[in-house]
Each structure stands twice: as structure tokens, then as C-alpha cells.
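**Q** sharing a model prediction with you, sequence too.
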Amino acid sequence: MASYKPVIAALRVLEVLAAVNRLGVRANVAEIHHLTGIDKATVVRMLETLIAAGYILRDREQPVYRPTGKTLSLGTGYDRHRIVIDVISDDLAAFRQQIGWPSDVALFDHDAMLVVQSSRQSSEPLHFKRASGFRAPVLVTSLGLAYLAFCPVTERESYLAQAAADPATWNDLARNRPLLETKLAAIRAQGYATMEESYSRTFYESKFFSLGVPIVNGERIFGAMNIIYLRSAISEKDARDRFLEPARDVAARMAVKLSGSAAF
């Protein structure tokens, strides 16, 4: 917990930078406003501030913004993900070969699920690509919901208090606790989560969907793993029937290995 009240303007600048990174080729003022809930005039001021600091630039041919290489310097001190990558990479690659669809492994990181490793390939369709370092929102992704359902109560409550105060649309569920608790109970009962339809529509044009499972060993949870698939190729029921048990198996193997690693 912070010792002093946070500087709201600084938090908003960081939120806009995260939105630019997350939106990719769709990072215009309207999309950033929709994603963050920050009014458009403030979004423009924050973007100009980030341009002045050298962290983003404005595309010369279209009204979108892109992160610069300087943003890479912000994460040079973080190394837990490197240990996790070493531990789980072989299992993740083998799982891709087994099922034929890509997966991500993510760790909970304060207010999002940090994707540390992915079996997505460069040949995937444009909207299918996601690099390591992507921060997936918790309450609308299968990664986040799978983690939240199985994490310790204190961690969950701390996150939800923070999310409920954040006006971003993907945090709406944190402000509807009865609905949230019903959803989390269902996830615990069935052992997996799915992507929210609104997220699939906004980020994947409703073409892709996902199933997520926790990476958990006994009472210890380490992260979550998903499977991303094309909706025109496989139904949600078929994906569950074909992929759920293999996903649980590989997540369990990862959890055992992570239990003995230096990352946790």
C-alpha cells in the first residue's frame, strides 16, 4: 500500500501509455478514451506529454499513436518472468503441438495479467498475435478470471477494491459484486474460465475466443494459462471437451515445476 496519496495525473499518464501499448494499430484518441474512461481532452494532453517524454509518437499517415523503443527501458529491472519462461517454455511449446492452437501463460501483476510467454507464432492472423509483456485486463479475459477465482481471498479483495475505483469499462464487474461472486463460483466449480464476449468483440472482432485455467499446486497459485481458438473452426463446447483436460494437465505440470523455482 502506498504511503502517500497517489498523484492522479501521473496515474492517468501511465494508464494512457498502457492503452497505447495494448491497442496497437487502433490506438487513437477515441479508442483510448473508450478503454480508459478518461475524457478525450485529457487523453490528448496525456498523449502530448508522452510524446514530449519520448515514450510514444504520432503516426504520420493516420491519427494513431505508437510506443517507441524508449518504453522498453521501463521494464529492465523486472526479471521474475525470465525465470518463469525458463521453467514453462518447453511444456507450452509441446502443448501447442499437441492441440494445434496457441496459448499464453500469464502472472498476476498488480492490476493486470502479465503475459510472460506465448506459443503464438509470427504466421498467425493479425488479431491473433500477442507478444510477451502484454497486460491482459483481469475481469474480462479467461486468464484473469481463472486466476481471480482461485487466488487467495486477501489478494482478490485487494485487487477488486482497486478495480472498483477504476472507471475503465472492463472493471464494471468489480462494481457488481453479486454478479461477480456468482461468476467466480461457477469458474471454481467447473475449473476454467472463458473470455467475456465484450472483450472478444472489442479486441478480436468476435472472431476468437479463449478458455483459461489456473496454474495451481495445492493452495499455491502461480498464474494462469489460456487457449486461443478461432470461433469459425471450433465451438465453445467442442473447445471445452477437447482442450480442458489437456490444459489442466499441462498447467498442473507447470505448477509443480514452479513450486521449486526461485521465482516464487
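**A** Okay, I see it.

**Q** mind listing the helices for the stretch 151-264 of the chain?
**A** All helices of the stretch 151-264 of the chain, identified by DSSP state H, counting those that start in this stretch, fall at 153-164, 177-190, 197-204, 236-259.

**Q** how far off centre is the last one?
**A** Centroid displacement of helix 236-259 relative to its chain, using Cα atoms, centre = their mean, to the nearest Å, is 18 Å.

**Q** residues of that helix that come out buried?
**A** 239-240, 242-244, 247-248, 250-251, 253-255, 257-258 (16 or more other Cβ atoms under 10 Å). Quick note: C-beta positions are derived from backbone N, CA and C, even for glycine.

**Q** and the contacts of that helix?
**A** 84, 87-88, 91-92, 94-95, 98-99, 101, 103, 105, 191-192, 194, 209, 211, 213-217, 220, 222, 225, 227, 229, 234, 264 (Cβ atoms under 8 Å, 6 or more residues apart in numbering).

**Q** filter these down to the buried ones and hand me the PyMOL line.
**A** Those of these that count as buried under 16+ other Cβ under 10 Å are selected in PyMOL with:
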select buried, resi 84+87+88+91+92+95+99+101+103+105+192+194+209+211+213+214+215+216+217+222+225+227+229+234
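
**Q** where are the low-confidence patches of the stretch 101-250 of the chain?
**A** Within the stretch 101-250 of the chain, the set of residues satisfying pLDDT under 70 comprises 122-132.

**Q** let's see that with 50 instead.
**A** Residues of the stretch 101-250 of the chain meeting the criterion pLDDT under 50: 126.

**Q** assign a three-state SS to M113, would you?
**A** When classified by DSSP: H, G, I helix; E, B strand; the rest coil, M113 comes out as strand.

**Q** and for Q121?
**A** coil.

**Q** isn't it up against P102?
**A** Yes. Contact criterion Cβ atoms under 8 Å: Q121 and P102 qualify, at 7.0 Å.

**Q** joint contacts of those two?
**A** Joint contacts of Q121 and P102 (Cβ under 8 Å, 6+ apart) do not exist.

**Q** more crowded one of those two?
**A** P102 (21 against 10; other Cβ atoms under 10 Å).

**Q** the more buried one and F150: what is the separation?
**A** Using Cβ to Cβ, to the nearest Å, P102 is found at 23 Å from F150.

**Q** before we move on, what about Q98?
**A** Separation of Q98 from F150 (Cβ to Cβ): 23 Å.

**Q** kindly report the same for S235.
**A** 26 Å.

**Q** ok, now T68?
**A** 37 Å.

**Q** compare the two (neighbour count), which wins?
**A** Per other Cβ under 10 Å, whichever of T68 and F150 has more neighbours is F150, with 20 against 13.

**Q** surely that one and P214 touch.
**A** Yes. F150 lies in contact with P214 (Cβ under 8 Å); the separation is 4.2 Å.

**Q** thinking again about what came up before, can you lay out the helices of the stretch 151-264 of the chain as a markdown table showing distance to L143?
**A** Below are those laid out as a markdown table (distance: least, Cβ to Cβ, whole Å):
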| stretch | distance to L143 |
| --- | --- |
| helix 153-164 | 14 |
| helix 177-190 | 12 |
| helix 197-204 | 11 |
| helix 236-259 | 12 |
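
**Q** which of the ones you listed sits closest to A41?
**A** A41 lies closest to helix 197-204 among these, at 22.8 Å (Cβ to Cβ).

**Q** and the closest one, which residues are buried?
**A** For helix 197-204, burial by neighbour count (16+ other Cβ under 10 Å) applies to Y199, S200, T202, F203, Y204.
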